[in-house]
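> okay, predicted coordinates and the sequence, questions at the end:
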Amino acid sequence: MPVNLTSNAIPLILSGDMNSKPLLQVLDIKLIGSSQERYRLLLSDSVSTQQAMLATQLNDRVKTGTVLKGSVVQLIEYICSTIQNRKIIVVLNMETIIPECEIIGNPKMHAESDTKAHNPVSNGISQHTTVPSTNRSVPKNLSNSTQTFRPTVQPAYQPPPVYKNHGSIMKNEAPARIIPIAALNPYQGRWAVKARVTAKGDLRRYNNAKGDGKVFSFDLLDSDGGEIRVTCFNAVVDRFYDTIEVGKVYIISKGSLKPAKKNFNHLNNEWEIFLESSSTIDLCPDEDSSIPQQQFSFKPIMEIETAENNSIIDVIGIVTSVKPCVPVLRKNGMETQKRDLNLKDQSGRSVELTLWGEFCNREGQKLQELVNSGSAPVLAVKAGKVNDFSGKSVGTVSSTQLFIDPDSPEASNLRAWYDRVGRNLDSQSISRDLQGGLKTDKRKTISQIKDEGLGRSDKADWVTVKATITFIKTDNFCYTACPLTIGDKQCTKKVTKSGSSKWQCDRCNQEFEECDYRYLLQCQVQDHTGLTWVTAFQEAGEEILGCSAKELYMMKSEGDDERFGNVIKSRLFGEVLLKLKIKEETYGDEQRVKITVFKLDGLNYSSDTKFLLGLIPAK
């Protein structure tokens, strides 16, 4: 069966025709580039050949063997760029029509001086005319057929309409063609994108070997779902920083594309736009409803548990608790605000979300008011940062966006689930304990801790034990700690008195008048199967004894032994539920299992009875 390639396709493309969908043959494929893989193709229309570059998003076509030497392909989207005074076809999208085929015709490298002679405007030949080529080879698997092969041609790609620009571009220069963000690459000449600003970073100042400078970035989203970051430096910052507003749609052109720095850029794009002195940004007064307000890629909370530290994710959940806003001291000595809250979703997990800076006073305050009023708002987090300290948690960064009760299908489904069943379901937390959030609700006895070898695997075991506290050591129940906050954590390192009678922290290298007092309780607990020793740190110690470590320390240091003793005695021999972390640790050369109390709850006999009844197998 003869295979008809699109006649004169190469000259037509080189003369500027970007709307036809020509059938061409791949004569050669070469891998180029050292830092980034790119494939160079040699394309043929059976008479002429031309060098082409494959967009990196199509690399898998070559790697999987979808495109081979000899393949007949149909170009769906492409542009023609001039690189080092040579025209190169950049293939953005294509379909393989015949995977393997012998060489068709006797093609030769196209001479660019011939392009004008083949221009359909000058010679009257239609750009869609298919002329049978001579001396064609026939694919072996089609040699018994007499029908003419006519592949199905996909509808031509219609680019978005070019916005009539009234902004600052030269009068003698036509507006650049608007192309999808996904089609941007460094080999293009003039281009423009029409997109919505979904995030705007803060203005930052820096100092390096070249001197002082300033920079800011913003993120774009277009109607095809393409995202890309735009960065401005110095004088360009002065031009555009006040112009850019989150939620507005702009047409942006005349910038350069450079590889995105993935350490700082979480968007799904290998490139980043850098605006220059000649760049233009024009506001679209007619709001384009085809461009969404935001694009999410939500990750279930269950999957955050295996996410890499410092990775950037989107997450959505029900806010079940919000802590008050507290001031913290960063490592650079600057004070900021911090607020913790808890999210849960249908995956049966919950996670701690830490708000920093202005997030605490804006969205954080609103969330606290909603939760305090008995509401459980839905919160969507765009670009949160994963932290793996003491479990997994999520924190805000400068590019994070928070959406309270957003109008989206995901939010509606989550709300329906919560109102139906989620409100009464416990969730397993993947973070450090947060206002009663359980690491697990596996009920165990004290004897099972030893018999089942809990804590001796690579990860800690988290269990709940119903037991009685029978003894509390009172000789060293607390220690003197550093009160300073570094980053989002209090230092808490043990401090000592210096020669000036001030407390000194070797870690922070600072002295201060007052220190903090933190619990380090050693308690003996017992149930009907046995007894064991557990350790309770600050928050758990306060729950066990009902007062702060400083208050109890003052009772003892001031000689109020009766009051001190009454506090200890009042906390003994009552049944409680202990949430325990069990993990094997090394002390010198000895391996020992350490049991730590993370939460203490009074026993609710009604709930406990239901739990025990549930353990009885049904007949």
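Noted; the coordinates are in hand.
> make it CA atoms for all contacts and neighbour counts henceforth
Noted.
> from Val378, how far out is Ile404?
Separation of Ile404 from Val378 (CA to CA, to the nearest Å): 6 Å.
> ok, these two, which is more surrounded?
Between Ile404 and Val378, Val378 has the larger neighbour count (other CA atoms under 10 Å), namely 25 against 17.
> quick one, what contacts that one?
316-319, 404-406, 411, 414-415 (CA atoms under 8 Å, 6 or more residues apart in numbering).
> can you tell me the closest non-neighbouring residue to Ser256?
Phe274 (5.3 Å; CA to CA, 6 or more residues apart in numbering).
> so the residue nearest to Asp561 when sequence neighbours are not counted: helix, strand or coil?
Excluding its sequence neighbours, the residue lying closest to Asp561 (CA to CA, 6+ apart) is Met555, at 7.0 Å. Assigned by DSSP: H, G, I helix; E, B strand; the rest coil, the conformation of Met555 is helix.
> just the helices in the stretch 201-350 of the chain please.
Applying DSSP state H, counting those that start in this stretch to the stretch 201-350 of the chain gives helices spanning 235-240, 301-304.
> turn those into TSV, including distance to Trp356 and mean pLDDT.
Output for the helices of the stretch 201-350 of the chain, formatted as TSV (distance: least, CA to CA, whole Å; pLDDT from 0 to 100):
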stretch	distance to Trp356	mean pLDDT
helix 235-240	25	93
helix 301-304	20	92
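> in TSV, list those helices along with distance to Gln346 and mean neighbour count.
Converted to TSV, those look like this (distance: least, CA to CA, whole Å; neighbours: other CA atoms under 10 Å):
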stretch	distance to Gln346	mean neighbour count
helix 235-240	42	16
helix 301-304	9	20
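> quick one: closest of those to Lys248.
helix 235-240 (13.5 Å; CA to CA).
> report all helices and strands that the closest one contacts.
Here helix 235-240 touches strand 211-221, strand 271-283, going by 3 or more CA pairs under 8 Å, 6 or more residues apart in numbering; DSSP states H and E.
> model confidence over the last one, on average?
Right, strand 271-283. The pLDDT scores in strand 271-283 average 92.
> can you check the first one too?
Average pLDDT, strand 211-221: 90.
> packing partners of it?
Packed next to strand 211-221, using 3+ CA pairs under 8 Å, 6+ apart, are strand 192-200, strand 204-208, strand 227-233, helix 235-240.
> now do 7 Å
Packing partners of strand 211-221 (3 or more CA pairs under 7 Å, 6 or more residues apart in numbering; DSSP states H and E): strand 192-200, strand 204-208, strand 227-233.
> please name the nearest non-neighbouring residue to Thr49.
Using CA to CA, 6+ apart, the nearest residue to Thr49 is Met109, at 4.6 Å.
> so who does that neighbour touch?
When contacts are counted by CA atoms under 7 Å, 6 or more residues apart in numbering, Met109 touches 48-50.
> these, buried ones only, as a ChimeraX selection?
Burial among the contacts of Met109 is assessed by 16 or more other CA atoms under 10 Å; the matching ChimeraX selection reads:
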select :48,49,50
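> could you export the contacts of Met109 as a markdown table, including distance to Asp527, secondary structure and pLDDT?
Formatted as a markdown table, the contacts of Met109 follow (distance: CA to CA, whole Å; DSSP: H, G, I helix; E, B strand; the rest coil; pLDDT from 0 to 100):
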| residue | distance to Asp527 | secondary structure | pLDDT |
| --- | --- | --- | --- |
| Ser48 | 87 | strand | 91 |
| Thr49 | 84 | strand | 92 |
| Gln50 | 82 | strand | 92 |
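> for the contacts of Met109, which one is nearest Leu370?
Nearest to Leu370 among the contacts of Met109 is Gln50, at 63.6 Å by CA to CA.
> most tightly surrounded among the helices and strands packed on strand 211-221?
Mean neighbour count (mean count of other CA atoms under 10 Å) peaks for strand 192-200 among the helices and strands packed on strand 211-221, with a mean of 24.
> A strand includes Lys366, no?
No - under three-state DSSP, Lys366 falls outside any strand and is assigned helix.
> just the pLDDT for it.
Per the predicted model, pLDDT is 93 at Lys366.
> residues near it, how many?
Close neighbours of Lys366, defined as other CA under 10 Å, add up to 14.
> how near is Ile312 to Asn268?
Distance from Ile312 to Asn268, counting by CA to CA: 11 Å.
> between these two, what contacts are shared?
In terms of CA under 7 Å, 6+ apart, Ile312 and Asn268 are not both contacted by any residue.
> and for Lys392, the neighbour number?
Neighbour count for Lys392, taken as other CA under 10 Å: 22.
> could you find the closest non-adjacent residue to it?
Ser431 (4.9 Å).
> now for that neighbour, how many residues are close by?
Look at Ser431: counted by other CA under 10 Å, it has 24 neighbours.
> thought it was touching Glu352?
Yes - look at Ser431 against Glu352 with CA atoms under 7 Å: they come within range, at 5.8 Å.
> what do the two both touch?
Residues touching both Ser431 and Glu352 by CA under 7 Å, 6+ apart: Ser393.
> can you list the domains in this structure?
Per the record, the chain has its domains at 9-142, 181-283, 301-429, 443-477+520-614, by automatic domain parsing.
> okay, these in JSON lines with distance to Gln293 next?
Converted to JSON lines, the domains of the chain look like this (distance: least, CA to CA, whole Å):
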{"stretch": "domain 9-142", "distance to Gln293": "25"}
{"stretch": "domain 181-283", "distance to Gln293": "6"}
{"stretch": "domain 301-429", "distance to Gln293": "11"}
{"stretch": "domain 443-477+520-614", "distance to Gln293": "41"}
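> these: which one's closest to Gln294?
Nearest of these to Gln294, taken as CA to CA: domain 181-283 at 6.0 Å.
> that closest one spans what distance, first to last residue?
Domain 181-283: ends 17 Å apart by CA to CA.
> go on, stretch 430-444?
The straight-line separation of the ends of stretch 430-444 (CA to CA) is 20 Å.
> cool, stretch 205-212 as well?
Terminal-residue distance, stretch 205-212 (CA to CA): 7 Å.
> outside of it, which residues touch it?
213-215.
> can I get the buried ones among those residues as something I can paste into ChimeraX?
Filtering the contacts of stretch 205-212 down to the buried ones (16+ other CA under 10 Å) takes a single ChimeraX command:
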select :214,215
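> distance to Leu42 added to the contacts of stretch 205-212, as CSV?
Putting these into CSV (distance: CA to CA, whole Å) gives the following:
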residue, distance to Leu42
Gly213, 45
Lys214, 44
Val215, 41
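> which one of the contacts of stretch 205-212 is nearest Met302?
Nearest to Met302 among these is Val215, at 36.4 Å by CA to CA.
> what bridges to that closest one?
Beta-bridge pairing for Val215 (DSSP bridges): Arg204, Phe233.
> was I right to think it contacts Val237?
Yes - assessed by CA under 7 Å, Val215 is found in contact with Val237 at 6.5 Å.
> shaky segments in the stretch 51-200 of the chain?
Counting by pLDDT under 70, the stretch 51-200 of the chain contains low-confidence ranges at 83-84, 112-176, 189.
> now do the strands in it.
Using DSSP state E, counting those that start in this stretch, the strands assigned to the stretch 51-200 of the chain run over residues 72-83, 86-98, 108-109, 192-200.
> low pLDDT regions in the stretch 401-550 of the chain?
The low-confidence ranges in the stretch 401-550 of the chain, as defined by pLDDT under 70, are 432-441, 485-489.
> go again with 50.
The stretch 401-550 of the chain contains residues with pLDDT under 50 at 433-440.
> okay, the contacts of Val378 in a markdown table with distance to Asp222 next?
Converted to a markdown table, the contacts of Val378 look like this (distance: CA to CA, whole Å):
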| residue | distance to Asp222 |
| --- | --- |
| Ile316 | 23 |
| Gly317 | 26 |
| Ile318 | 29 |
| Val319 | 31 |
| Ile404 | 23 |
| Asp405 | 24 |
| Pro406 | 20 |
| Ala411 | 23 |
| Leu414 | 27 |
| Arg415 | 29 |
